[in-house]
Structure formats: structure tokens, C-alpha cells
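Undergrad: sequence first, predicted model second:
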Amino acid sequence: MGSEQHEILDALTATAILSIPSDAPERLFTGDKTEAAKEYRRLAFKWHPDHHPGVDSAVFARINVLYHGAVRKLRNGAWNGAARLK
């Protein structure tokens, strides 16, 4: 994961994450299973309510849903990498 991707993930707001439809993990994760796992870990650390009191648990829940959707799409060859958050 490059520094540009780090900056994009770090700059995401709760509103931006919650606005991503559950069936569009391509908007949050890259189309590579290993990179998606790294991106998930980075987001999970930032948004996990146990590590950061005051963080909305709905954001962490949405990240989980999106990550598992990404893994499923990558495994099934259904990845559509056209739309990415910038």
C-alpha cells in the first residue's frame, strides 16, 4: 500500500465511509486481496471503538461489511475496480 493510499484512507471521514453502499466495496478497497487486507487493518485500527472511545461503532461495522464484500467479490472474480474514493 503506497503513501498516497495511506493518505486517502487516513483522510476518510465517518460520513464518507457510511455513505458507501454495502455492495460497493470497490469504493474503499483496492482490487488485490493482500492490499485489501492491509487497508482493512489500517481502517480497523483507526475506527475500532474499543481502541478509540467516541468513534461511532456503525463506521467500524460498515468497514467490516465492505471488507467481507470485497473478499467475496475478489474470490468470485466479480471485482469492479472502476470506482475509488479520492
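TA: Structure received. Numbering: from 1, shown residues only.

Undergrad: now do the buried residues in the longest helix along the chain.
TA: Criterion DSSP state H: the longest helix present in the chain is helix 57-76. For helix 57-76, the buried set under the neighbour-count rule, 16 or more other Cβ atoms under 10 Å, comprises 59-60, 62-63, 66-67, 69-71, 73-74. Yep, even glycine has a C-beta here, placed from its N, CA and C like the rest.

Undergrad: distance from it to the middle of the chain?
TA: For helix 57-76, the gap between its own C-alpha mean and the chain's C-alpha mean amounts to 7 Å (Cα atoms, centre = their mean, to the nearest Å).

Undergrad: re earlier: what is the nearest of the buried residues of helix 57-76 to Arg27?
TA: Here the nearest of these to Arg27, counting by Cβ to Cβ, is Leu66; it sits at 8.1 Å.

Undergrad: my read: that closest one touches Glu26, true?
TA: No. With contact defined as Cβ atoms under 8 Å, Leu66 does not reach Glu26; the gap is 9.3 Å.

Undergrad: if I look at Leu43, how far off is Arg75?
TA: Using Cβ to Cβ, to the nearest Å, we find Leu43 at a distance of 20 Å from Arg75.

Undergrad: residue closest to the middle of the protein?
TA: Leu28 (4.3 Å; Cα atoms, centre = their mean).

Undergrad: how about the nearest residue to that residue, chain neighbours excluded?
TA: Using Cβ to Cβ, 6 or more residues apart in numbering and skipping residues adjacent in sequence, the residue nearest Leu28 is Leu66, 5.2 Å away.

Undergrad: His52: what secondary structure?
TA: When classified by DSSP: H, G, I helix; E, B strand; the rest coil, His52 comes out as coil.
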